[in-house]
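Engineer: Predicted structure and sequence below. I'll ask about it afterward.
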Amino acid sequence: MYDYSDINLERLIEDCFPLLAPPENIPFSQWAEKNRVLDSMSSKFSGAWTNKITPWVIEPMDLMGPNSGYNHVVLMFGSQTSKTECIINTLLAYMDISPGPMMWFLPTDSQAQEYSKTRLMPAINNCERLSKMLGGGARDSNNTIMSKIIPGGSLRLSGANSPTNMAGYPVKVLCRDEIDRWPDDVKGEGSGLSLTAQRTVTFQGEEMIIDTSTPTTKGCSAIEDMFLLTDQRHWTVPCPHCGEYQELLFRRKLNEDSDELTRMMHFTRNEAGAVIKAELICYHCGCAILEEHKMEMQQNGKYEVRNPGASKAGFFVNGLNSLFTSWISIGERFFEAKGDMLKLKSFINTVLAETWEDTASYIKPDSIEARAEDYDKVPKEVIYLTCAVDVQRDRLEMEIRGWGKDFESWGIEYHTIYGAYDEPTTWTQLHDYLNYPLERDDGIRQKIFCTFIDSADGTSTKSVYQFCREHKKNRVFAIHGRGGENMQPIHAIKDCNQNKIRIITLGSDTLKDLCNFNLKIKEHGKNYVHFPKGCGYDSNYYKMLTAEEKVDEINKKTNRIKRVWRIKKDQKRNESWDIFCYNRAAIEHCMPKNAKWERVEGKIIGAVEEKKTMKKPSKRRPKVIRNPLLDV
């Protein structure tokens, strides 16, 4: 038998009591500082979490906790503002202090899996209390990539593209992340926001709904709509010179009676165009605020409530506050985005955390035709030639467009081949047209490098596929468009084994926004569009080029306004507009994402090398210079 006489029972109880006690009920921001550890993969500032680096997340984290007086918190944050870390801190604190059924929705299942592997699981493994609770990170039925089950609760992750997951079991804490990237209609079952909100009904009065996102397009942004229903708390900091509080805004109204925005962030650039200095002008005293003041200002920052009395708490923070991103790098990104609609929209949405004002508007055909220029050969600035083809029942319409540095483009010829789409002779003529080298004004002959042919009408699809299959070595691709906000110009590329061709899906709405934006550029250079006099560019061409307009429509299932492209009532044909957009997509395919124009500047992609005089004609095909950026 064991002798327990030397055991101090009072000391034993004293040592064991903390293990039996419930978790300390403290604000979530304090819990994060006591328990959260960041690794070098997830943060520039690795080690124990400190609220000093991102003081603007203290108040949101505390209000996301239980018994805060709020059941719905909205974060409209810019990039690099620790939005995701704020969510993770909140979910982990719930798991430890107040466990219950929780759900974290992201735009897609693949994104949810990626976040779980790279963000959530490392955070749990680095938290001693939760790591022990989940078996030290060991994988089992209670600890999977998409599900974490703990005593008294669970945390599940899912994509917002699955109506089954959205309408499943009830949850107490619902986190809906990046809601502006969610589909408007989830596989015909309505709004994902409405579907997920039903999960919290069982816990009515005790639920916590967290909505987060960077915004997208004004009038179509779910996070902006949510934020406007909150008390609208804006993060403000004191000027280091006058002490007055203000938002750090890239641009703002200086006169309330005018809608004109004045840029408050000023940059100094060297001769090479690189940003070497950045400063923000104080709204109150006009003094220059420098990057070195940022840390001190953030430590004394506070939220300003602009819609008091609202039942929901909403927080707005833009990327100018971030200590992870310098103002100089923001300036570099701004100048890179100027004149480029997609990059400018991304800058405004993600860095400034503001909605993009959709400026797509009607363009008069006469105004475009009036700027036609005198050139009848391929200009020497052209690096690539692309061709886009629209298939009609009785004809093929096409345009060859030349592309220079920074997507400046020149119309070369608009051409029509008459003949039924199912007649072999029609496609023979297209073959001859695409393979005929064009003469440049410097005397060099240049061939079309890439061709896009529309295959979406269903009637002519088989004929298009056959032609593309026979000419795939010449980079002739079948395409079809797909509508929707926030899609890339090249949405998807799929190799179809059945038809032995490559099918490219285009983001139609994005392409049309981009092309409309570019047509309104007035200065030669980046993204400017040139047109020649003649060469098939008659008044009918310009009428078709401006045949569509963007209008507001209401989605009956989601009851949300959506901006869509529709052909004008007085216009029947829009072929040249579609073809113009297809050509833009073709050059996007030639120039991979992040490829530098400097790598091909001065080159002629598709130039036909002249052969030396030979006694016998060579049977070999002329050698064509390939694309140094893309091997397709």
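Structural biologist: Arrived safely, thanks for sending. Numbering: from 1, shown residues only.
Engineer: CA atoms for contacts and neighbours, from now on please.
Structural biologist: Fine.
Engineer: can you list the weak-confidence ranges in this protein?
Structural biologist: 1-24, 135-141, 257-258, 360, 556-559, 592-594, 609-632 (pLDDT under 70).
Engineer: and residue 37, what is it in contact with?
Structural biologist: Contacts of residue 37 were listed using CA atoms under 8 Å, 6 or more residues apart in numbering, and they are 46, 47, 48, 49, 123, 126, 127.
Engineer: can you rerun that using 7 Å?
Structural biologist: By CA atoms under 7 Å, 6 or more residues apart in numbering, the residues touching residue 37 are 47, 48, 49, 123, 126, 127.
Engineer: which among the residues you listed end up buried?
Structural biologist: Buried subset of the contacts of residue 37 (neighbour count, 16 or more other CA atoms under 10 Å): 49, 123, 126, 127.
Engineer: Redo those residues as a markdown table? Include secondary structure.
Structural biologist: Formatted as a markdown table, the buried ones among the contacts of residue 37 follow (DSSP: H, G, I helix; E, B strand; the rest coil):
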| residue | secondary structure |
| --- | --- |
| 49 | coil |
| 123 | helix |
| 126 | coil |
| 127 | coil |
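Engineer: Name the residues that touch the helix or strand that contains residue 398?
Structural biologist: Taking DSSP states H and E as the definition, one finds residue 398 inside strand 395-403. Contact with strand 395-403 is made by 382-391, 409-421, 579, 583, as judged by CA under 7 Å, 6+ apart.
Engineer: How about that strand, which residues are buried there?
Structural biologist: Here strand 395-403 shows 396, 397, 398, 399, 400, 401, 402, 403 as buried, counting by 16+ other CA under 10 Å.
Engineer: What is the nearest of those to residue 237?
Structural biologist: residue 403 (46.3 Å; CA to CA).
Engineer: quick revisit: is it possible to get JSON lines of the contacts of residue 37 that adds distance to residue 185?
Structural biologist: Shown next, in JSON lines, are these (distance: CA to CA, whole Å):
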{"residue": "47", "distance to residue 185": "41"}
{"residue": "48", "distance to residue 185": "41"}
{"residue": "49", "distance to residue 185": "38"}
{"residue": "123", "distance to residue 185": "33"}
{"residue": "126", "distance to residue 185": "38"}
{"residue": "127", "distance to residue 185": "38"}
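Engineer: any idea which of those is closest to residue 459?
Structural biologist: Among the contacts of residue 37, residue 123 lies closest to residue 459 (CA to CA), at 53.6 Å.
Engineer: how close does that closest one get to residue 92?
Structural biologist: 8 Å (CA to CA, to the nearest Å).
Engineer: In contact with the nearest residue to residue 397 once chain neighbours are set aside, which residues?
Structural biologist: Closest residue in space to residue 397, ignoring its immediate chain neighbours: residue 416 at 4.5 Å, by CA to CA, 6 or more residues apart in numbering. Contacts for residue 416 (CA under 7 Å, 6+ apart) come out as 395, 396, 397, 398.
Engineer: so what's the last one closest to, chain neighbours aside?
Structural biologist: Right, the one you point to is residue 398. For residue 398, ignoring the flanking residues on the chain, the nearest one in space by CA to CA, 6+ apart is residue 389 at 4.3 Å.
Engineer: Parallel or antiparallel, which strands does whichever strand or helix holds the one you found pair with?
Structural biologist: Per DSSP H and E: residue 389 is located in strand 384-391. If you go by DSSP bridges, strand 384-391 pairs up with strand 395-403 (antiparallel), strand 450-454 (parallel).
Engineer: a markdown table for these, including distance to residue 65?
Structural biologist: Listed next are the strands paired with strand 384-391 as a markdown table, based on distance: least, CA to CA, whole Å:
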| stretch | distance to residue 65 |
| --- | --- |
| strand 395-403 | 55 |
| strand 450-454 | 53 |
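Engineer: Out of those strands, which gets nearest to residue 519?
Structural biologist: The nearest among these, by CA to CA, is strand 395-403 at 14.3 Å.
Engineer: Show me which residues of the helix or strand that comes right after that closest one are buried.
Structural biologist: Downstream of strand 395-403, the next assigned helix or strand under DSSP H and E is strand 409-418. Within strand 409-418, the residues that count as buried by 16+ other CA under 10 Å are 409, 410, 411, 412, 413, 414, 415, 417.
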